[in-house]
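Asker: Here you go, sequence then predicted model.
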Amino acid sequence: MIISASRRTDIPSYYSEWFFRRLKENYVLVRNPFNPHQVSKISLSPEVVDGIVFWTKNPAPMLSRLAELENYHYYFQFTLTPYGQEIEKNLPSKKEIIIPSFQRLSEEIGKERVVWRYDPIFFNEIYTLDCHCRCFEVLAAELAQYTQHCTVSFLDLYRNTKRNVKQYGMRQVLPAEQMELLGRFAEIAKPYHICIDTCAEVGDFSQFGIMPAQCIDRERLERIGQFRLDIGKDKNQRSSCGCVESIDIGAYNTCKNGCAYCYANYNSAAVGDNFRSHHPLSPLLFGEITEADCVREREAKSFADRQMSLFE
């Protein structure tokens, strides 16, 4: 099985101590987001975990502990955008902290295992099409030696994000604008040898060499692990999503990044309460098991053929 850590929150940035404790104890407890009293016990044994996909905007807290991942196959989905603190409120300096962290992470684990995400893309009075192109080139120049891929996506206005983005004049990018922007991105990326793909977008950008991404990527994990994975598309994601099956161990309303466009935080008071109830020693990301909870062990199995090398 593949572990997603996590689409719902930034585990590397805020919960890395908890995560490494979970690896040592070989399991994690995860509440069902639609029925919180249903709790799954999920094995984190290297024998059944085929790979871990980390999602983060700032992996700096993990960088000194990467050796603790030596028994696992993993890679990072690393979001790095040009947005300032008016949009991404709690992120540290991108110039002083985040870009150097991206570079150091790549130096430690290799550029195959660090995917740059430039998403979500929106327009407003500041972040125009031309602004995005200028910023994309600046970032591409900084990251060219440290990654092979850049995954982009455009802002989706979920019900819980509409009220947040309104005050910033953020709007969705129209189809014709998407086409122009990605055409220009493709030209910018070419001399830097960065391949661009798209996350869960319905538009066809193949004329620019831009194809749909698999963010939870079977082929990438096969290359990293030197095995084959017999695993299918994740049926719990949108039809336009190319990801394969994974189990997410995060929780909504727990990320402290404070991004205005975030779909995973929809109650700021709950974010504060949940963060305060987090304990690194707990098997849950936040809170405790109560008498009302039903804990069940989830079936865990590897989908890897570890006897077969991809190069045989």
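Answerer: The structure has been received and is ready for your questions. Predicted model only: the values in this text are computed from it and were never measured.
Asker: got the contact list for the lowest-mean-pLDDT helix or strand in the chain?
Answerer: Taking mean pLDDT, DSSP states H and E as the measure, the chain has helix 159-166 as its least confident helix or strand, at a mean of 80. For helix 159-166, contacts defined as CB atoms under 8 Å, 6 or more residues apart in numbering pick out 122, 155, 157, 260, 261, 262, 263, 266. Glycine gets a C-beta too; all of them are placed from N, C-alpha and C.
Asker: which SSE is the last one in?
Answerer: Residue 266 is located outside every helix and strand, with elements delineated by DSSP states H and E.
Asker: Now for it, how many residues are close by?
Answerer: 16 (other CB atoms under 10 Å).
Asker: ok, now the fifth one?
Answerer: A count of nearby residues for residue 261, using other CB under 10 Å, gives 21.
Asker: now do the second one
Answerer: As a burial measure, residue 155 scores 18 neighbours (other CB under 10 Å).
Asker: need the contact list for it.
Answerer: Listed by CB under 8 Å, 6+ apart, the contact set of residue 155 reads 120, 121, 122, 165, 170, 171, 172, 173, 261.
Asker: Specify the beta-bridge partners of the most centrally placed residue in the chain.
Answerer: Here the mean C-alpha position of the chain is nearest to the C-alpha of residue 55 (CA atoms, centre = their mean), at a distance of 2.6 Å. On the basis of DSSP bridges, residue 55 is bridged to residue 77.
Asker: so which of the contacts of helix 159-166 would you say is closest to residue 238?
Answerer: Taking CB to CB as the measure, residue 238 lies nearest residue 263 of those, at 12.0 Å.
Asker: per-residue pLDDT, that closest one?
Answerer: pLDDT for residue 263: 91.
Asker: Report the spatially closest residue to it, excluding sequence-adjacent ones.
Answerer: The shortest distance from residue 263 to any non-neighbouring residue, by CB to CB, 6 or more residues apart in numbering, is to residue 158 (4.7 Å).
Asker: sorry, back to before: what's the pLDDT at the residue nearest to the centre of the chain?
Answerer: Looking at residue 55, its pLDDT is 98.
Asker: picking that back up, name the nearest of the contacts of residue 155 relative to residue 150.
Answerer: Taking CB to CB as the measure, residue 150 lies nearest residue 121 of those, at 11.6 Å.
Asker: ok, the closest one touching residue 172?
Answerer: No: the criterion here is CB atoms under 8 Å, and residue 121 misses it with residue 172 at 9.3 Å.
Asker: out of the two, which sits in the more crowded spot?
Answerer: The neighbour comparison of residue 121 against residue 172 (other CB under 10 Å) goes to residue 121, with 22 against 16.
Asker: what's the more buried one sitting at in phi/psi?
Answerer: Dihedral pair for residue 121: phi -90, psi 130, per degrees, to the nearest 10.
Asker: so residue 49 sits in a helix?
Answerer: No: assessed with DSSP: H, G, I helix; E, B strand; the rest coil, residue 49 is coil; it does not lie in a helix.
Asker: Three-state assignment for the closest residue to it other than its chain neighbours, please.
Answerer: Of all residues not flanking residue 49 in the chain, residue 3 sits nearest, at 5.7 Å (CB to CB, 6+ apart). Assigned by three-state DSSP, the conformation of residue 3 is strand.
Asker: check contacts around residue 3.
Answerer: Residues near residue 3 by CB under 8 Å, 6+ apart: 42, 44, 49, 51, 52, 53, 246, 247, 248, 249.
Asker: try 6 Å
Answerer: 49, 52, 247 (CB atoms under 6 Å, 6 or more residues apart in numbering).
Asker: Just the buried ones out of the residues you listed, please.
Answerer: Using 16 or more other CB atoms under 10 Å as the burial test, these include 49, 52, 247 as buried.
Asker: Would you format these as a markdown table with distance to residue 95 and pLDDT included?
Answerer: As requested, the buried ones among the contacts of residue 3 are exported to a markdown table (distance: CB to CB, whole Å; pLDDT from 0 to 100):
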| residue | distance to residue 95 | pLDDT |
| --- | --- | --- |
| 49 | 35 | 98 |
| 52 | 29 | 98 |
| 247 | 35 | 98 |
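Asker: what about the helices in the protein?
Answerer: Assigned by DSSP state H, the chain shows helices spanning 11-14, 16-25, 99-109, 129-143, 159-166, 175-189, 218-225, 268-276.
Asker: Single out the most deeply packed of the ones you listed.
Answerer: Ranked by mean neighbour count under mean count of other CB atoms under 10 Å, these are led by helix 11-14, which reaches a mean of 24.
Asker: Averaged pLDDT, that one. What do you get?
Answerer: Across helix 11-14, the average pLDDT comes to 98.
Asker: what sits up against that helix?
Answerer: With contact meaning CB under 6 Å, 6+ apart, helix 11-14 is reached by 5, 19, 54, 56, 58, 59, 62, 256.
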